[in-house]
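**Q** pasting a predicted model and its sequence here:
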Amino acid sequence: MSVILPAYDEAQTIGDIVRGVRGCALRLAEVIVVDDGSADATAAVAEAAGARVIRHPANRGKGEAVRTGLRAASGDVVLFLDADGQDDVGDIPSLLAAIEPGVDMVIGSRFVGRLEDGAMTPLNWLGNRLLTGVFNGLYGSRIRDTQAGFRAVRRSSMDPEALRARSYDIETEMLIHVLQRGGRVVEVPVTRYARAGGATSFVPFYHGLGILRAMIAGKLQGWVRGRACHEA
């Protein structure tokens, strides 16, 4: 198994997260921290905690960091979590237990689980609910937290070269990638905490529009592929 943590200026939290992951992920093969052009000591702290660190010389965005991690991962199951301390590493065993035969992706759902005080602003909560509703309408799914970054996926179900997202739309693209190939997605409840340090680079309106575009683009591309196959 591989654990991938995309990180950008998360020196305050990354060490504790890496140590926590190593302590609770019983089938753990490797922890990969993708330092996405951090200006602080993220890389050094992560390496000291026992992670394998891959550095981007400049910030490229979360999508690029996820792809870098996927290319480097050797495990048959790849688990993603945020490097800001908001995900509870104690929930990792629940995600791993749920990725049983026939399951391609497990999402750690914040809305099935629990949001602690300060974990999400009212604007972000509303945006997440709206985007999840749009996604389910477009793809005929019943997923309750489409934007969660805390997830496990079978490496065989996720081709990094087929992913194009550069920013926070990567979670949406990964989910579309699995669903359009007939994969099964399940959710487990997790706890989400307030950020332990640093500052988020997520801009609700700007990045929300990018996520919405990814949903629509994925639907259109799937329709074009389906039509081409039908005509052939």
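**A** Noted; the coordinates are in hand. Only a predicted model underlies this, so the values are computations on that prediction, with no experimental measurement involved.
**Q** which strand in this protein runs the most residues?
**A** strand 105-115 (DSSP state E).
**Q** leaving out the residues flanking it, which one is nearest to the most centrally placed residue in the chain?
**A** For the chain, residue 149 is the residue whose C-alpha lies nearest the centre (Cα atoms, centre = their mean; 3.0 Å). Among residues not flanking residue 149 along the chain, residue 82 sits closest, at 5.2 Å (Cβ to Cβ, 6 or more residues apart in numbering). Using the backbone N, CA and C atoms, a C-beta is placed for each residue, glycine as well.
**Q** where does the one you found land in three-state SS?
**A** coil (DSSP: H, G, I helix; E, B strand; the rest coil).
**Q** what about it, how many residues nearby?
**A** Residues contacting residue 82 under the criterion other Cβ atoms under 10 Å number 20.
**Q** next one: residue 37
**A** Close neighbours of residue 37, defined as other Cβ under 10 Å, add up to 16.
**Q** and what of residue 180?
**A** 15.
**Q** report pLDDT for the residue nearest to residue 149.
**A** Per-residue pLDDT puts residue 82 at 93.
**Q** ok, now the one 5 residues further on?
**A** Confidence at residue 87, expressed as pLDDT, is 95.
**Q** that one pairs with what?
**A** Per DSSP bridges, the residues bridged to residue 87 are residue 192.
**Q** use 42 as the first number for this chain going forward.
**A** Done: numbering now begins at 42, and the last item shifts to residue 128.
**Q** residue contacts, it?
**A** By Cβ atoms under 8 Å, 6 or more residues apart in numbering, the contact set of residue 128 is 122, 149, 190, 191, 231, 233, 234.
**Q** over to residue 236?
**A** Applying Cβ under 8 Å, 6+ apart, we find residue 236 in contact with 125, 126, 127, 159.
**Q** the inter-axis angle of the helix or strand residue 229 falls within versus strand 146-156?
**A** Using DSSP states H and E, residue 229 sits within strand 226-233. Angle between the axes of strand 226-233 and strand 146-156 is 30 degrees (criterion: axes from the mean of the first three to the mean of the last three Cα atoms, to 10 degrees).
**Q** give me the number of residues near the nearest residue to residue 220 once chain neighbours are set aside?
**A** In this structure, residue 220 finds its nearest non-sequential neighbour in residue 180, 5.8 Å apart by Cβ to Cβ, 6+ apart. By the criterion of other Cβ under 10 Å, residue 180 has 18 neighbours.
**Q** same check on the one 3 residues further on?
**A** Residue 183: 8 surrounding residues under other Cβ under 10 Å.
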